[in-house]
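Chemist: sequence and predicted structure below; questions after.
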Amino acid sequence: MLMLRRIRRIHLTTERSKNQQKDTTRQIGDKGEQAAADWLVADGHEIIERNWRTRYCEIDIVSKKDNVLYFTEVKYRKNDNFGDGLAAITNKKQQQMRFAAEIFIAKNAQYESCDMQMLAISVDGNPPVVEECVVLE
């Protein structure tokens with residue numbers, strides 16, 4: 001009976017550790033997105049939305065510069081152990097982003113006259129630094 005209690009305590013500790021890891025991962029991702037948002041603002045963008053969600057997709061940053069609305073996906077890697085972050089943006093992800101962008105414009109009529117552009121920003125390192133910004137076709 002004593003052995004069962006010990007196993008249960010170990011199991012509960014493991015669950016608690018997993019929850020703490022998820023929070024840490026989210027905080028790290030938030031820092032990467034903040035670095036990307038700061039970079040966009042320095043480039044003259046006005047941030048309109050952060051983490052804008054539809055049922056099908058999330059857009060990390062929606063910004064506007066001149067008469068262009070930018071929908072940006074941010075990929076953050078603390079190191080290159082798992083490859084380049086931009087490689088994780090698949091064709092399917094790009095299609096989902098376009099669909100979400102169309103929904104955003106449909107729900108926000110004030111932006112109907114704007115051109116639309118998809119961006120991907122790669123953020124690397126600790127502290128996070130923007131390494132690359134590419135236009136998605």
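Modeler: Nice, thanks for sending it over.

Chemist: export the helix or strand that contains residue 118 as PDB, just CAs?
Modeler: Assigned by DSSP states H and E, residue 118 belongs to strand 115-124. Provided in PDB are the C-alpha atoms of strand 115-124 (Å, rounded to 0.1, in the frame of the first residue of the first chain):
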ATOM      1  CA  ASP A 115      -3.600  45.400 -50.600                       C
ATOM      2  CA  MET A 116      -2.800  42.100 -48.800                       C
ATOM      3  CA  GLN A 117       0.600  40.600 -48.200                       C
ATOM      4  CA  MET A 118       1.800  37.500 -46.300                       C
ATOM      5  CA  LEU A 119       5.000  37.600 -44.300                       C
ATOM      6  CA  ALA A 120       7.100  35.000 -42.500                       C
ATOM      7  CA  ILE A 121       9.500  36.200 -39.900                       C
ATOM      8  CA  SER A 122      12.300  33.900 -38.500                       C
ATOM      9  CA  VAL A 123      13.400  34.800 -34.900                       C
ATOM     10  CA  ASP A 124      16.400  33.100 -33.400                       C
END
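
Chemist: buried residues, it. List them.
Modeler: Residues 118-124 are the ones in strand 115-124 that count as buried (16 or more other CB atoms under 10 Å). From N, CA and C alone the C-beta is placed, and that goes for glycine too.

Chemist: partner strands of the helix or strand containing residue 70 and their direction?
Modeler: Assigned by DSSP H and E, residue 70 belongs to strand 68-77. When sheet partners are counted by DSSP bridges, strand 68-77 sits next to strand 58-65 (antiparallel), strand 115-124 (parallel).

Chemist: many thanks, have a good one.
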